Every structure is written in C-alpha cells, then in structure tokens.
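[1] dropping a prediction and its sequence here:
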Amino acid sequence: MTRSLVLHDWVVAAIAMAAGLAAALLLRVVLKWLGKHALRTRWTGDDVIVDALRTIAPWAATIAGTAVSASALPLTGRVAGIVDHTLTALLVLIITFTAARVIAGLVQSLAQSRTGVAGSATIFVNITRVVVVAMGVLVALESVGISIAPLLTALGVGGLAVALALQDTLANLFAGVHILASKTVQPGDYIRLSSGEEGYVVDINWRNTVVRNLSNNLVIIPNGRLARTNMTNYARPEQELTVLVQVGVGYDSDLEHVERVTLEVVDGVMAEVAGALPGHEAAVRFHTFADSRINFTVVLGVGEFSDQYRIKHEFIKRLHRRYRAEGISIPAPARTVSLQQDDAGAPAPAPLSPTAFPHQREASPTDVASLPDSPGILR
C-alpha cells in the first residue's frame, strides 16, 4: 500500500462494485427476455448462444466492477498483481466453460438438424468440449504466471502411458469417429448386425453405440465391434424400401383375374395406410408351380423399416377379404396316408437261435432230474 486508505477510496470502490452488480442484474434480465424470443425461432443455435450469454455476461460485469474497485484502492504492486492475475484467470475460465458449452451446443444442434432425431452423435460434442476446456485451462494457467511448457512436456510423456493403458477405450473412440466420418451409420438409422442385434441408432458416444430395438429396449454395442462386424443399414442410401409378401392360389384360378384383383388391393393399401408409398408401382410376379397351388410374390413399398409390419398386416387382411368376395381360393397343402396290412402273406417269425441269448444254455438230463417234485413238472 503506497498510502493510507481514505473515505474517498472506499466510496469509489463501493460505487464500482455496485455498478458491476447492477450491470450484472440488468444483463440477466435483458438476456432472459431475449431467451423467451429465441424459443420462438426454429433454429436451436440462438437458444444455445443466449443461454451461454446469460452465464458469461453477468459474471463478466461483476468481475469488471471488482477490477475497477481494486484499482481504486491504493494497493501495493504485488497485491495488485495478484488481484489482476486472479481476476483474469477467473474471467478466462468463465469464458472457456461458456465457449465450450456454446460450441458443444452448436455441434449438437447441427447433428440433430442433419439426423432429424432427438439423440445425436455426442462423440463430437464431448471431443469439442474437452478440447475447448483444455485450451482454456492452459491459457488461465499462463495468465497467472505458470509456465505451461513443462506441463505440455509432461502431458506428452504421460500420454504415451495413458494410451497404452487405454487401448480398448481409444480403439472405441477412433472407431466411433471413423463410423461417423464415413457416414456408414448415423443416429436415426435402422441397422441389423450379423450377430442378430437390430434397431434404431439412438446415439454414438465416445465408447458405445446405443441402439433401441422395436421392443423399446436399448442395446449397447461397443464402437470397435460395430466397425468390425457385417451390418445392414436399412436407412442407406434411402429410408424407402420394398417388402415382399408370398401368396398362393389354386390351380383352378384365373391368373389374370388374380393379378388384377391383387393389384387393386395393393393400390388401395398404398393410398390409404399410413407409412405406405402412394406413388409405389404395384407388382405381382408368379414364380412357382407348387404341390397344391401357384405361388407368386407381391411387392409393397414402405416409407421406413418399421412401417412394413403395419403395411403387411393391413394388406393380408384386405387381400383375404377380397379373395373371398371374388371366389379366389387359397388352398392348403393336403396329404393322404394309406396303410395296408396283409396277414396271410406276412412272413412267419424266424426261430430263435441258441446264440440269441448268450447267458442261457440248454438243460441237461442231470439238470432235469435235480429239479424238486412239483405238479407242474412232468417226470
């Protein structure tokens, strides 16, 4: 302290601190009003920006008021330097965490707008947040006079040991980045693995891919395994797909009539059932002379994978009802089994040989004579 404190110093410091707090409250009220208007827009990025400003702006005003208040006091050079470095580091940290939230929110908003689902690829969000926070912490350390060069050297040496210890985790991380970068799988796609797991991709994070199956259960698949396995993506290159339904009619049916009626039913289903493709060109293809009927395939169009169950359900009901009205039969396979038994011509059973029962032998006269007297034994 170069001189003693006087009342004027305290008054100026108090006014500066009060001005900073008043500015912080005013900014919070204004940004709250802007946040309500941002909710009315379609773009979610403005919501993220306003929400971040609601955090950083009041804190920045408070820190600015504190800095002005400290400069009004007759502090020594050492104390003034400590206060200045502390406030600078605090401001850098606030800006860093706010920037990390803003950038991560914008990345998530971009991913959501491209995938069209509530969940998104949080792996990019997490990587972005970690990178921004790490850079901000390094800048904050440098601002308080701590050299970051030795720290970077230590992190470089220790990073090798960490990489060796976390091989599986890093493999899943880079596998997830590769999957998203190659666009083979995106959140919202319906996939089926060669091992049998299938469902909608909900999220791809730094370690796992989360899949929600049709029974509304979550299946957790490591990214490394997803990158190595054979997989069918029913949403690529487009979500619309065709579904094949097998049908059969009797040999006495008029196939031209059967084709015409079936196509009418397909057109009705495509136009009236939700999830069908109204512009789909109906197709019927006869292909097999079976044992009791002529089989053919009906090609239906659906908007996405899970719609096929509803489309097939409605199509089979309408086709069965229409066939009954038109007198078209769908015969079931029949088998006739005939059993024939001829007692007169049946071969007589062969006599048993003495070797058929190896543990028995013929009774000798001595054995018979040794038997006790009994009414059932003839002498």
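    Alright, I've got the coordinates. Keep in mind that this is a model prediction, so the values were computed, not measured.

[2] domains for this structure, by residue range?
    7-116+124-144, 173-233, 241-326 (automatic domain parsing).

[3] and the ones you listed as a markdown table, adding distance to Thr153, mean pLDDT and mean neighbour count?
    Placement of C-beta: from N, CA and C, glycine included. A markdown table is the format used below for those (distance: least, Cβ to Cβ, whole Å; pLDDT from 0 to 100; neighbours: other Cβ atoms under 10 Å):
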| stretch | distance to Thr153 | mean pLDDT | mean neighbour count |
| --- | --- | --- | --- |
| domain 7-116+124-144 | 13 | 74 | 16 |
| domain 173-233 | 24 | 87 | 17 |
| domain 241-326 | 52 | 92 | 16 |
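
[4] adding distance to Ser338, write the ones you listed out as CSV.
    As requested, the domains of the chain are exported to CSV (distance: least, Cβ to Cβ, whole Å):
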stretch, distance to Ser338
domain 7-116+124-144, 63
domain 173-233, 44
domain 241-326, 17
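
[5] ok, residues contacting stretch 303-316?
    Stretch 303-316 is contacted by residues 190, 214, 234-235, 239-241, 243, 245, 265-266, 269, 273-277, 298, 300, 302 when judged by Cβ atoms under 8 Å, 6 or more residues apart in numbering.

[6] what about the helices in this structure?
    Taking DSSP state H, the helices of the chain run over residues 7-38, 45-72, 77-115, 122-143, 149-165, 167-182, 223-228, 255-272, 307-326, 365-369.

[7] of all those, which lies closest to Asp291?
    With respect to Asp291, and counting by Cβ to Cβ, the nearest of the helices of the chain is helix 255-272 at 17.6 Å.

[8] which strands or helices does that closest one pack on?
    Packing partners of helix 255-272 (3 or more Cβ pairs under 8 Å, 6 or more residues apart in numbering; DSSP states H and E): strand 241-249, strand 283-289, strand 294-302, helix 307-326.

[9] in the sheet, who's paired with Asp203?
    For Asp203, the beta-bridge partners are Val210 (DSSP bridges).

[10] surely it meets Val211?
    No. Using Cβ atoms under 8 Å as the test, Asp203 is too far from Val211 to be in contact (9.2 Å).

[11] so who does the residue nearest to the spatial centre of the chain touch?
    Nearest to the geometric centre of the chain sits Val201, at 2.5 Å (Cα atoms, centre = their mean). Contacts of Val201 were listed using Cβ under 8 Å, 6+ apart, and they are Val185, Gln186, Pro187, Gly188, Asp189, Tyr190, Ile191, Thr209, Val210, Val211.

[12] can you lay out those as TSV showing distance to Gly224?
    Shown next, in TSV, are the contacts of Val201 (distance: Cβ to Cβ, whole Å):
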residue	distance to Gly224
Val185	14
Gln186	18
Pro187	18
Gly188	22
Asp189	19
Tyr190	21
Ile191	16
Thr209	10
Val210	15
Val211	15
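
[13] any idea how far Ile95 lies from Asn205?
    According to Cβ to Cβ, to the nearest Å, Ile95 stands 27 Å off from Asn205.

[14] repeat that for Phe124.
    In terms of Cβ to Cβ, Phe124 sits 10 Å off from Asn205.

[15] just the residues contacting stretch 55-74, thanks.
    Residues contacting stretch 55-74 (Cβ under 8 Å, 6+ apart): 1-5, 9, 12-14, 16-21, 23-25, 27-28, 31, 80, 83-84, 87, 90-91, 94-95, 98, 101.

[16] show me what stretch 262-275 is in contact with.
    Outside of stretch 262-275, the residues within contact range by Cβ under 8 Å, 6+ apart are 247, 276-278, 280, 282, 284, 298, 300-304, 307, 310-311, 314-315, 318-319, 322.

[17] any chance of the helices of the chain in CSV, with distance to Leu339 too?
    Listed next are the helices of the chain as CSV, based on distance: least, Cβ to Cβ, whole Å:
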stretch, distance to Leu339
helix 7-38, 84
helix 45-72, 80
helix 77-115, 65
helix 122-143, 69
helix 149-165, 74
helix 167-182, 62
helix 223-228, 56
helix 255-272, 38
helix 307-326, 36
helix 365-369, 47
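
[18] find me the pLDDT at Ile328, would you?
    With respect to pLDDT, Ile328 has a value of 91.

[19] that one and Glu259 touch, don't they?
    No. Ile328 is beyond contact range of Glu259, at 10.9 Å (criterion: Cβ under 8 Å).
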